[in-house]
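Enquirer: Based on what follows, work out the 3D shape:
(chains A and B)
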Amino acid sequence: MYEQEEHRLIRSTVREFAEQEIKPVAKELDDREEFSYDLTKKMGEIGLFGIVVTPEYGGQGMDYFSYIIAVEELARIDGSQAATIAAHNSLGIGPLYYHGTEEQKQRYIPPLCTGDGLWAFGLTEPEAGSDSRGSKTSARLENGNWIINGSKIFITNGATDITLGTTVQAVTGEVDGKKEFSTIIVNRDTPGYTSRAMKEKMMWRASNTAELYFDDCTVPEDHLLGDRGDGSHIMLETLDDGRLSIAAMGLGLAQGAYEMALEYSKQRRQFGKPISKFQVIAFKLADMAMKVELGRNLLYKACWLKQNKQPFAKESAMAKLYCSEIAKEVADEAVQVHGGYGLMKEYDIERFYRDQRLLQIGEGTSEIQRLVISRYILSE
Amino acid sequence: MNIFVCVSHVPDTTTKVQVGEDGKSIDPSGVTWILNPYDEYAVEAALQLKEAREGEVTVVCFGPDAVKETIRKGLAMGADKGLHIKSDQPRDSFGTAKALAETLKDREADVIFCGRQSIDYDGWQMAGLLGEMLDLPSVTVASKLEIKEDGSIEAEREIEGGMETVVSKLPAVISAQKGLNDPRYPKLQGIMQAKRKPIEDVEPSPYKNRVEVLEMSKPPVKSAGKIVGEGPDAVKELVKLLHEEAKVI
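Expert: Model prediction:
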């Protein structure tokens, strides 16, 4: 219903790429907790960087739905690579593209569309997760420079060798007793700025997650993104957008887990027949298929609303919540279908089971999504 | 250089194909269609040739409107133009070759690529028929190919138990074997550009099939195996069954 010819072509292209290039190495990268520069470069080459950015800035000029399909197809094979792409497009490029001045866009965006450079978005802090207004990182304006102090945590793509910089949200003052937030562009080589990769993750082990430190980090005044005081607005808008890509990751993961369970249940024989012939397994498969279908419909509808310039924040939260929760349920049941083998690293479902766990936490926990949804329905 | 690639629109290799109600065609419902995998090698060969020598690549496909999607895939990979020979009537290999040949004969092709076979009807005939109809040399099942500046061709072909090296000269028809190259993925930007590339529609002249399909059927379902027994005692029974029932010893 929502798909046009080019969307089918994008789906088949990304699917083929993911199956042929990512699938053979996903397990090993996960084992070694290694970010793959080779895969990142290849993903850039086929055009997964700057998917919705117009060609004028080096992007691919596709619609938002194309981007969602691409993330879904990557997540069907590997959460880590999907995370790299989703974070780079939604959080890295997104704020620069939607809020940058013409000069900022010309300068920052083209190198981020090739696959040679990544960009991060620094919002979460050690003591400010769901309570993003509790963040403490500050920036003060002195002699035409912003001087930034503080730290950020859990920042995807924040500390790779090809990360060119980050957009950081900082407190820039107080207005009517409330914190004033602004977003500031920080290049990687700025004195006082350091980043460090976080290790020992349970999931997305082949994606890069970082801590960022700002210690009298000094950037010129014109590195302000948007207007002073626009930080909260930019953050909320970025998150509405990012939610849909996390939903696409949940949907893709659920689809992949369901397919694994389906395939395994047809091959695995117990009591003299394939286990798919037992109702107890067949019904699990039926539930999985239904949840995936529902998730897809909800997510695509939210994309349709966004693309047609209609309000979509409520549906975006619903899609993020639902798709990430069915990712958990479907992966869990898929492990159950695999029995003891599902607990072994030899089977991809083991990795999927771990990877899904982030989805109910990242970019707004399931609880925060319910808060968002309830606020919308109660004010309607 | 004027390069043409003849492609086929075939069911996806992972699609479970069913015989249709008429018993002699496939049931198209629920089938996803793809660019024939062997034709991907042909498209790639055409694009590499264009990149080395300059020129234009045209993707040609015979069939109903649905084949436009496959033409578009070729355009997304980097071909310049499409040529759609429109027909709702399925044809035998000869008829398809005839439609392609009559469309291409006045277009001054330097080279015509195709895949070694389409994976649906497995005819393996296109390169041979096209060569004959267009009076061009035909190099089939090429797994290595070099087209030199002077238009001479050197190709390696897989033959039973070995390799064969052949030489020929452009213009020619060349069919691609797996291993000829590594087909590129369409770039996302290429997919967008493909929407704006021209696809010319042509009508084929009438043709009556020379080969008629009478029936299509699925291979017989493999019956379940039989466990005769366990250990040395079962050997006697097994030998007896192999001799009397299976009649293989």
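
Enquirer: so which helix or strand takes in the residue nearest the centre of chain B?
Expert: Most central in chain B under CA atoms, centre = their mean is B:S118, positioned 2.8 Å from the mean C-alpha point. For B:S118, there is no host helix or strand (DSSP states H and E).

Enquirer: For the nearest residue to it once chain neighbours are set aside, the count of nearby residues, please.
Expert: In this structure, B:S118 finds its nearest non-sequential neighbour in B:S8, 3.9 Å apart by CB to CB, 6 or more residues apart in numbering or on different chains. From N, CA and C alone the C-beta is placed, and that goes for glycine too. When counting by other CB atoms under 10 Å in any protein chain shown, one arrives at 27 neighbours for B:S8.

Enquirer: go on, B:A99?
Expert: 22.

Enquirer: what helices or strands is the helix or strand containing it leaning on?
Expert: Element membership for B:A99, per DSSP H and E: helix B:93-104. Here helix B:93-104 touches strand B:56-63, strand B:81-86, helix B:126-134, going by 3 or more CB pairs under 8 Å, 6 or more residues apart in numbering or on different chains; DSSP states H and E.

Enquirer: Quick one: these as JSON lines, columns for mean pLDDT too.
Expert: Below are these laid out as JSON lines (pLDDT from 0 to 100):
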{"stretch": "strand B:56-63", "mean pLDDT": "98"}
{"stretch": "strand B:81-86", "mean pLDDT": "98"}
{"stretch": "helix B:126-134", "mean pLDDT": "96"}
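
Enquirer: Most tightly packed of these?
Expert: strand B:56-63 (a mean of 24; mean count of other CB atoms under 10 Å in any protein chain shown).

Enquirer: Show me which residues of the stretch 1-150 of chain A sit near chain B.
Expert: Neighbours of chain B within the stretch 1-150 of chain A, by CB under 8 Å from any CB of the partner chain: A:5-6, A:8-10, A:12-13, A:16-17, A:45-48, A:51, A:55, A:60-62, A:66, A:70.

Enquirer: In three-state terms, how would the residue of chain A found nearest chain B be classified?
Expert: Scanning chain A for proximity to chain B using CB to the nearest CB identifies A:G47 as nearest, at 3.1 Å. Three-state assignment for A:G47 (DSSP: H, G, I helix; E, B strand; the rest coil): coil.

Enquirer: Tell me the strands beside the helix or strand just after the helix holding B:A99, with direction?
Expert: Reading on from helix B:93-104 to the C-terminus, the next helix or strand found by DSSP H and E is strand B:111-115. Neighbouring strands of strand B:111-115 in its sheet, by DSSP bridges, are strand B:2-7 (parallel), strand B:172-176 (parallel).

Enquirer: What lies in contact with the shortest one?
Expert: Spelled out, that is strand B:172-176. B:38-39, B:41-42, B:45, B:111-116, B:126-127, B:130-131, B:134, B:136-142, B:145, B:153, B:155 (CB atoms under 8 Å, 6 or more residues apart in numbering or on different chains).

Enquirer: State which strand of chain B is the longest.
Expert: strand B:138-147 (DSSP state E).

Enquirer: what about the longest helix in the chain?
Expert: Just so you know, I chose chain A. helix A:231-267 (DSSP state H).

Enquirer: looking at chain B here, not the other one
Expert: Every helix in chain B considered (DSSP H), the longest is helix B:37-53.

Enquirer: Quick check: buried residues in that helix?
Expert: B:37-50 (16 or more other CB atoms under 10 Å in any protein chain shown).

Enquirer: Toward the C-terminus, what is the element adjacent to the longest strand of chain B?
Expert: strand B:152-159.

Enquirer: so for that next one, what's the average pLDDT?
Expert: What strand B:152-159 shows for mean pLDDT is 94.

Enquirer: do stretch A:228-245 as well
Expert: pLDDT averaged over stretch A:228-245 gives 91.

Enquirer: per-residue confidence at the nearest residue to A:Y2 once chain neighbours are set aside?
Expert: Excluding its sequence neighbours, the residue lying closest to A:Y2 (CB to CB, 6+ apart) is A:Y300, at 4.5 Å. pLDDT for A:Y300: 97.

Enquirer: The closest residue to A:E127 other than its chain neighbours: neighbour count?
Expert: The shortest distance from A:E127 to any non-neighbouring residue, by CB to CB, 6+ apart, is to A:G134 (6.4 Å). Neighbour count for A:G134, taken as other CB under 10 Å: 11.

Enquirer: Alright, calling it a day.
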